[in-house]
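S.K.: Prediction below, plus the sequence it came from.
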Amino acid sequence: MDKPNSQEEKLRTHHSNVIPFQVDAAFFFERAVHYLDRHDLKNAMKNFRKAAELEPDNPVNHCNLAGVLSELGEFEESNRILHKVIKEIDPDMFECYFYMANNCANLGDYEHAEEHVARYLELDPHGEFAEDAEEMMQILVQEFGGGKVFQERKQQQSEEAGGHDTARKLLEEGKFMEASEYLEKAVEQQPDSTAPRNNLSLAYYYQGDIDKAIEIASEVLERDPSNVHALCNLAVFHQHLGNQQQLQEILAGLRKLYPLYFDHTYKLATTMGILGEHTTAYRLFRQLLRWGDRTDTALLHCVAASAANLGFLEKAKKVWEEIETLDPESETPGYYLNKVKEALAAQREMDTVSYQYHIPFQEQFRIMKEQIQTGQLGAWRNDPLIRSSLFWALKHGDLETKIQVIQTFALLADKEVEHVLREFIKNPEEIDQLKRLAIYVLRHIGAEGPFQAHLDKEEVLLRVQSLPQDDLLTWKAEWQEVLDLTFSNLDSAHGEAARHLARDIWTGYLNQVFHAPPRIVKLANWAAALEYAVLRKLGVKVTQAEVAARYGVTAGAVSKIYRQLMQPPSYGEDL
């Protein structure tokens, strides 16, 4: 091969044999780490910046640069880079929010620090920095007053107190129909506000109209897909309906939430407890306790309930003891203290504890029935938990449960009960037997006719004066049988007046004890007592023993039932 014959050719040949030194982002990354290990932050920053320039789509390089800038006190520039990562490079790099929160805190900008740390916890509640973020949130709230977020929470609570006090009071008192009417107007007046819609959804749910409740909650989420109250409400609704697929979809989102506001956190915690997510509920309720007032007995009960549901019985016991000291008038802490002590003594788990600061509904219902048996109304009459459970049972219970509910409504006897029963008798899906009982109760509580009803497969308008006065006798066969047996034994010499009197005494008695009637074991006991009552009213001289002999029963049984007939109510005995 010919040699180059000029200096220019020699140089060109020399350069063509040089292998260029390739420097990539990895090279500058390694150099940056080297300087970082030597605490040479300025050179580390230069090399991380070069790595970020060579690989602009790699979020790690940008985050490393932001970290070094933060160490150098360049908090604002660090945040500009972190913001760019989230908005332009990798929206799923949630730790950027935590880094920005630290930078804002170092700048004394506690308002934005709280917003960023809350956003991080909302998006990545179990992330690498979750524990540090929770600690930061506590410090921001406790030491610095919570910044802007805390002020917004206070303002929101103040607005709710002014705008929704009436609705909440009605819901708390169990006046769900009045609450729904009030909230319907509030929705019209405040079409852009979600709070009245969420409360309206609950009002319909408590009345047993779950389809309407779901419809309203869904409307809220169409306007605001991340609305905490609507999401929580909808999850509970689907749980009651057994819609597992819809429930799990909502739950997946709820598990990732970390609400900014106290009441949102309370709502989420309560909902997660209701849904059986006790670990999350326990964490959130303890967080609320650190933020809130340790004299709040309802909140303390939620902490105890979630602890008990996780098997932390000693912790639960201590909290219920604390509540008992704070609220000695309430029977709730004492009830659960007895239960937790029994469980500890037997070395077993407790039954699932309700997050409501009440004794369980089953126990309340038992007490309620005892009070009815003794003619006492008790506090349960206005208890919203009892009332909502009764309304729910009327729509979704079995036949026997619905009968008991309708009978109980005869005692409640208020406008809301009247409204519920009027709607019930129009429902073509309910059996006529139940609707006739409901019509009787409407008359019994003094509701004015006419009544629109669906009976015998057609729509009818019932006028009060056209309804038979003794239709109650058709409700239970033994009630009519007692009267028939009395009629068959009455001496014809006493005439038709005696039969009319027997019917009046018997139906009058049944009217008074309708809500909790005695169980009739032996018809002859009742027929004999009824005849004795008739004869006494007619002035016929006869002894209880003489009447008892004709029916083949004891004089003692006649005497006991006669006293009941003449001086009701004395309920619950089997005779």
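M.R.: Looks like it came in fine.

S.K.: helix, strand or coil for Gln452?
M.R.: Of the three states, Gln452 takes strand according to DSSP: H, G, I helix; E, B strand; the rest coil.

S.K.: What of Thr295?
M.R.: Secondary structure for Thr295, judged by three-state DSSP, is coil.

S.K.: what's the spacing between it and Glu30?
M.R.: 58 Å (CB to CB, to the nearest Å). Any C-beta I mention is one placed from the backbone N, CA and C, and that applies to glycine too.

S.K.: Report the residue spans of the protein with pLDDT below the cut-off.
M.R.: Low-confidence segments of the chain, defined by pLDDT under 70, span residues 1-23, 142-165, 260, 361-362, 364-383, 385, 464-472, 474, 515, 568-575.

S.K.: Walk me through the domains of it.
M.R.: As given by automatic domain parsing, the domain ranges for the chain are 25-150, 170-346, 362-464, 474-566.

S.K.: Gln356 is nearest to which of the ones you listed?
M.R.: domain 362-464 (6.2 Å; CB to CB).

S.K.: could you redo the domains of the chain as JSON lines and give each row mean neighbour count and distance to Ser354?
M.R.: Putting these into JSON lines (neighbours: other CB atoms under 10 Å; distance: least, CB to CB, whole Å) gives the following:
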{"stretch": "domain 25-150", "mean neighbour count": "18", "distance to Ser354": "25"}
{"stretch": "domain 170-346", "mean neighbour count": "18", "distance to Ser354": "7"}
{"stretch": "domain 362-464", "mean neighbour count": "17", "distance to Ser354": "9"}
{"stretch": "domain 474-566", "mean neighbour count": "17", "distance to Ser354": "26"}
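
S.K.: For Tyr355, find the nearest of the ones you listed.
M.R.: Here domain 170-346 is closest among the domains of the chain (CB to CB), at 4.4 Å.

S.K.: Dump the domains of the chain to TSV, plus distance to Thr352.
M.R.: Listed next are those as TSV, based on distance: least, CB to CB, whole Å:
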stretch	distance to Thr352
domain 25-150	24
domain 170-346	6
domain 362-464	12
domain 474-566	30
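
S.K.: Any figure for the gap between the closest residue to Asp456 other than its chain neighbours and Leu442?
M.R.: What sits nearest to Asp456 in space, not counting adjacent residues and going by CB to CB, 6 or more residues apart in numbering, is Asp432, at 6.7 Å. Distance, Asp432 to Leu442, by CB to CB: 15 Å.

S.K.: for Gln239, same thing?
M.R.: 33 Å.

S.K.: Glu128: what secondary structure?
M.R.: Applying three-state DSSP: Glu128 is coil.

S.K.: and what of Ala252?
M.R.: Quick answer, by three-state DSSP: Ala252 is helix.

S.K.: does Leu535 really touch Gln544, like I thought?
M.R.: No: taking contacts as CB atoms under 8 Å, Leu535 lies outside contact range of Gln544: 10.2 Å.

S.K.: Now do the shared contacts for the two.
M.R.: Contact criterion CB atoms under 8 Å, 6 or more residues apart in numbering; no residue bridges Leu535 and Gln544 by contacting each.

S.K.: The residue nearest to Asp456 contacts Leu455, doesn't it?
M.R.: Yes: the pair Asp432 / Leu455 is scored as a contact, 5.4 Å apart, by CB under 8 Å.

S.K.: nearest to Val353, of the domains of the chain?
M.R.: Val353 sits nearest to domain 170-346 of all the domains of the chain, at 4.2 Å, using CB to CB.

S.K.: Between the two ends of that closest one, how far is it?
M.R.: One end of domain 170-346 to the other measures 42 Å (CA to CA, to the nearest Å).

S.K.: and that domain, how far from the chain's centre?
M.R.: Domain 170-346 sits 5 Å away from the centroid of its parent chain (CA atoms, centre = their mean, to the nearest Å).

S.K.: Alright, calling it a day.
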